[in-house]
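K.L.:
Got a predicted model here, sequence first, then my questions.
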There are 2 protein chains.
Amino acid sequence: MYDRMQTFTDEELNRIHDASMDLLKTVGVRFDDDEAIGLFKSNGFDVDAKTVFITEKDIRRTLDTAPSHFKLVARDPAKSVAIGGNDYALAPGYGASFISTSGGLQREATLADYQKFCQLVQTSKVINVNGFLMVAPWDLPSETAHLDMLYANIVFCDKPFMGSPVSREAARDCIDMLTIVRGSKEALKETPVTASLITPLSPFRYTSEMAGSIIELAQHNQACIFGALIMAGSSGPLSLAGLIAQQTAEVLAGVALTQVVNPGAPVIIGGTSAVMDMRTGCLAMGSPEVPKLTSATIQMAKFYDLPARAGGSVTDALLPDAQAGIESTLTLMTAIRNGTNFVLHAAGILGSYSAMSFEKYIIDEELCRMVIETIKPINITAESIDLNFIKEVGIGGDYLTHSKTLAQCRSALFLPDLANRQGYAGWQEAGSRTVNEKASEVLAERLSAYEKPDIDSQLETDLLTFIRKRKNQQ
Amino acid sequence: MYDRMQTFTDEELNRIHDASMDLLKTVGVRFDDDEAIGLFKSNGFDVDAKTVFITEKDIRRTLDTAPSHFKLVARDPAKSVAIGGNDYALAPGYGASFISTSGGLQREATLADYQKFCQLVQTSKVINVNGFLMVAPWDLPSETAHLDMLYANIVFCDKPFMGSPVSREAARDCIDMLTIVRGSKEALKETPVTASLITPLSPFRYTSEMAGSIIELAQHNQACIFGALIMAGSSGPLSLAGLIAQQTAEVLAGVALTQVVNPGAPVIIGGTSAVMDMRTGCLAMGSPEVPKLTSATIQMAKFYDLPARAGGSVTDALLPDAQAGIESTLTLMTAIRNGTNFVLHAAGILGSYSAMSFEKYIIDEELCRMVIETIKPINITAESIDLNFIKEVGIGGDYLTHSKTLAQCRSALFLPDLANRQGYAGWQEAGSRTVNEKASEVLAERLSAYEKPDIDSQLETDLLTFIRKRKNQQ
């Protein structure tokens, strides 16, 4: 259809690709991990100290083995999620340190908050992948917090989830816990059950934590989500064209490592690069450059025929207000409509990733449902048009009282959980509630209706034993 | 590009077209106006009492003469706006009776409110067509209120504006006032200077007010915007496929009248059809069916090669909260991205058209600017990628302090007027303002900076004399 949003021409796609290849070959990418450097070397890559110079031939080899689509298998297999092609996964916000409460006030997040988000994902009609580090629990020692978060992911929810790539040890712990869940390393290697977020340190670096996690995850056939978060004007050029070239290079370098570790290891590529606000020096996630970069990012992933990661209900607003609604919708709508396969930050995030809000999580779920409804096709058939019905009602007629309307009225249209659809009088009578107040009510209902999904008690015990052991080693 | 939103196939487009033709021929459309009926008859249409049965041949003849694009000439010719093709016009909200104030409280609107909206449009960076009936002024007699509104449109603002089609007399007054502005009837007929909203009374009727206005406006070469507002489940079928067929038929019938009145008269076709909430019985403008219908509406307008009217920052929320932000963005983004040529309700509207909010107007202007930024292409050239710059900064380097970044930082990126981009501490220090509070501040600045555009004093006197005369006739 006619589209005012830019579709890259083949020439433009190739120009970005060529620029990325040039950068990979001449600037190279630094991996702060000896094993990674050794693996690159032994696979014939050009290495100088910790910098890997990657040729187009290396990238072609990488793309030959990286899969275009795969499945994240859930503890409840019926909740497994396909990644790639026309499919898409929606995961909650990631990496927030604070909980945003009423009026935008922030407090430190706790494990209890994290567990609540797991419960919300479990009871969600729309979020189909549980997150990791949705909030960082301040009440736990940071060295072992990942163990408690992973445990909550596994036990409170039976959907697929994101792994812990915060350090190589944390990635290994994740693999060990997944091994307990799947029964054996061999069973785990059979299919990805987690996807973990790997963020390059732009420009052109992977820290030891990230490089180590990539090795650990790829070895065990777990998915790595490469998400560059370049700030135009700070960790990348102000020019979005240059930024996309840099992002593509950084991300493909990470994919290259997964494929030397384990050819065929699943990956998702993209990012949520954004701009720096030149007045405040802050990350501006809600800027209109973000949906633009989202579209560019997805087009590059499709150019390489790899699953795309982009978008999310991202915003710089510090509370769920009109700004949050506008910014979140612009980027989420673009991400889902344009073909993202993995949408991180689909619900709950505020303040340029600084905070999660339970109310915004509930509001964003409705936003996700709305976007999904928007992209559902209208069935255009003789039956669905139903000319005889329209003729029967005729000029000046009324559809409302017709039996066909009554028969279809409960199923034909989208029903919101939150959105006000009362007129002024009805709304006032019902207490003039804001959407945030309604979200609080839905939140309470959801949490009180939550039921822990069935789990083998031995599995729970084994996981707890493992966690106790690991904590004692610290 | 890959697009998860439905693109109608040729078969689907033709199926909708065929269904519309069937409805026009067998159900027909009622025009409650003898002159309209007479014109149809004398032009060979099949007429029975007040119902016109329209054949595909009639429609083809209509489409042969209706123009694909035209220009709305402004009082300041530099502010003229092209309608059709790749161009688009953005006009404020329309038809509200109330002003929404703090917390969603509503009060009756006044002429002073109307004049303020004219001042806001005049000072707008983004709204390029002034509205009509942005709010209905309760402090004026309804029979002559259109005269005061049109006067405000002409005098407070020198952009193109919307005419008054509330009755045939009001349309004629509009033509008379435009004649005063343009100097003569002949000068007026040379080019459209207004576009007026014509809404069929669904299903399949044009009231005497609408039919009379069409005749008056088309005779004088002023644009008619045909905007069906069918409520699925009430004035149209629940099935969106049936609804689109009905909408297409209703709208084309109106276009047919313009072309029998004056072949070549400018039209814009489409609508903002929506659904009825089956629980409250209220119009649900913010539902996700609306962006879907928006996309369908635009595709049908493009099928007929006529300028498309769809979308707007529409919502059912009664105050500018997250719901308003989400709903407004979903439909506005779809409308602009998918190719609407005339976006009514681009700013200010709340509560399913019941109220206008000054704060939402300011917020929506920023939304419009964001959407427009989102659809600006990224220039992908060797120069814009600037490989040497990225190579120079290199691994782990910093772009921020580079002279190129400093040179570009003021012009390269979008700068919001409202959106918070401060971190938590800075935001608190600056008073923890919500986006609505910021909008209030911008509103006050805008109104105090407003300057009445130059106008010939004789023209003002002539308009006032005309208005006095017309009021005395009531």
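P.N.:
On my side now, so go ahead. All figures in this text were calculated on a predicted structure; none of them were measured in a lab.
K.L.:
show me the contacts for A:V393.
P.N.:
A:399, A:402, B:203, B:237 (C-beta atoms under 8 Å, 6 or more residues apart in numbering or on different chains). For every residue, glycine as well, the C-beta is placed using N, CA and C.
K.L.:
try A:N86
P.N.:
Taking C-beta under 8 Å, 6+ apart as the contact definition, A:N86 lies against A:339, B:4.
K.L.:
Nearest to chain B: which residue in the stretch 51-200 of chain A?
P.N.:
A:Q106 (5.6 Å; C-beta to the nearest C-beta).
K.L.:
Chain neighbours aside, what residue packs nearest to that residue?
P.N.:
Nearest non-adjacent residue to A:Q106, counting by C-beta to C-beta, 6 or more residues apart in numbering or on different chains: A:F98, 4.0 Å away.
K.L.:
Could you do A:K79 as well?
P.N.:
A:K159 (4.8 Å).
K.L.:
Quick one, grab the pLDDT at the one you found.
P.N.:
pLDDT, A:K159: 98.
K.L.:
Who are the contact partners of it?
P.N.:
A:K159 neighbours (C-beta under 8 Å, 6+ apart): A:74-76, A:79, A:81, A:121-122, A:127-130.
K.L.:
Likewise for A:F414?
P.N.:
A:369-370, A:373, B:275, B:287-289.
K.L.:
Now with 10 Å, please.
P.N.:
A:366, A:369-370, A:372-374, A:376, B:275, B:277, B:284, B:287-290, B:292 (C-beta atoms under 10 Å, 6 or more residues apart in numbering or on different chains).
K.L.:
Quick one: which of those has the lowest pLDDT value?
P.N.:
B:D277 (91).
K.L.:
What is the neighbour count of A:E429?
P.N.:
When neighbours are defined as other C-beta atoms under 10 Å in any protein chain shown, A:E429 has 10 of them.
K.L.:
Contacts only, for it.
P.N.:
Counting by C-beta under 10 Å, 6+ apart, the residues that A:E429 touches are A:422-423.
K.L.:
And the pLDDT for it?
P.N.:
95.
K.L.:
What of A:S42?
P.N.:
For A:S42, pLDDT reads 97.
K.L.:
how far away is it from A:V261?
P.N.:
11 Å (C-beta to C-beta, to the nearest Å).
K.L.:
shared neighbours of the two, anything?
P.N.:
With C-beta under 10 Å, 6+ apart, A:S42 and A:V261 have no common neighbours.
K.L.:
Which of those two has more residues huddled nearby?
P.N.:
It is A:V261, of A:S42 and A:V261, that has more neighbours when counted by other C-beta under 10 Å, with 20 against 10.
K.L.:
mind checking the SS state of the residue lying closest to that one once chain neighbours are set aside?
P.N.:
Once flanking residues are discounted, A:V261 sits nearest to A:A218: 4.0 Å by C-beta to C-beta, 6+ apart. For A:A218, the assignment made with DSSP: H, G, I helix; E, B strand; the rest coil gives helix.
K.L.:
contacting residues around A:A218?
P.N.:
Per C-beta under 10 Å, 6+ apart, neighbours of A:A218: A:39, A:198, A:224, A:254-255, A:257-267.
K.L.:
Most neighbours of all the residues you listed, which one?
P.N.:
A:L257 (32 neighbours).
K.L.:
Looking at per-residue confidence, what score does it get?
P.N.:
98.
K.L.:
Need the CA coordinates for the helix or strand containing it. PDB is fine.
P.N.:
Using DSSP states H and E, A:L257 maps to helix A:240-261. Taking Å, rounded to 0.1, in the frame of the first residue of the first chain, the C-alpha atoms of helix A:240-261 are listed here in PDB:
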ATOM      1  CA  LEU A 240      21.100   8.400  11.400                       C
ATOM      2  CA  ALA A 241      22.600   6.900   8.200                       C
ATOM      3  CA  GLY A 242      26.000   6.600   9.900                       C
ATOM      4  CA  LEU A 243      24.400   5.300  13.000                       C
ATOM      5  CA  ILE A 244      22.600   2.400  11.100                       C
ATOM      6  CA  ALA A 245      25.900   1.500   9.500                       C
ATOM      7  CA  GLN A 246      27.600   1.400  12.800                       C
ATOM      8  CA  GLN A 247      24.800  -0.600  14.500                       C
ATOM      9  CA  THR A 248      24.700  -3.100  11.700                       C
ATOM     10  CA  ALA A 249      28.500  -3.700  12.000                       C
ATOM     11  CA  GLU A 250      28.400  -4.000  15.800                       C
ATOM     12  CA  VAL A 251      25.500  -6.400  15.700                       C
ATOM     13  CA  LEU A 252      26.900  -8.600  12.900                       C
ATOM     14  CA  ALA A 253      30.200  -8.900  14.800                       C
ATOM     15  CA  GLY A 254      28.300 -10.400  17.800                       C
ATOM     16  CA  VAL A 255      26.400 -12.800  15.500                       C
ATOM     17  CA  ALA A 256      29.800 -13.900  14.000                       C
ATOM     18  CA  LEU A 257      30.900 -14.900  17.500                       C
ATOM     19  CA  THR A 258      27.800 -17.000  18.100                       C
ATOM     20  CA  GLN A 259      28.400 -18.900  14.800                       C
ATOM     21  CA  VAL A 260      32.100 -19.600  15.500                       C
ATOM     22  CA  VAL A 261      31.000 -20.900  18.900                       C
END
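K.L.:
strand partners of the helix or strand that comes right after that helix, parallel vs antiparallel please.
P.N.:
Downstream of helix A:240-261, the next assigned helix or strand under DSSP H and E is strand A:267-271. Strand A:267-271 pairs in its sheet with strand A:223-228 (parallel), strand A:308-309 (parallel), by DSSP bridges.
K.L.:
So which of those is the most surrounded?
P.N.:
strand A:308-309 (a mean of 30; mean count of other C-beta atoms under 10 Å in any protein chain shown).
K.L.:
contacts for it?
P.N.:
For strand A:308-309, the surrounding residues in contact (C-beta under 10 Å, 6+ apart) are A:83-84, A:88-89, A:91, A:195, A:197, A:225-228, A:251, A:267-272, A:294, A:297-302, A:335, A:338-344, B:2.
K.L.:
which of these count as buried?
P.N.:
A:83-84, A:88-89, A:91, A:195, A:197, A:225-228, A:251, A:267-272, A:294, A:297-302, A:335, A:338-344 (16 or more other C-beta atoms under 10 Å in any protein chain shown).
K.L.:
Would you mind checking which helix or strand in chain A has the lowest mean pLDDT?
P.N.:
Using mean pLDDT, DSSP states H and E, helix A:403-408 stands out as the lowest-scoring helix or strand of chain A, at a mean of 90.
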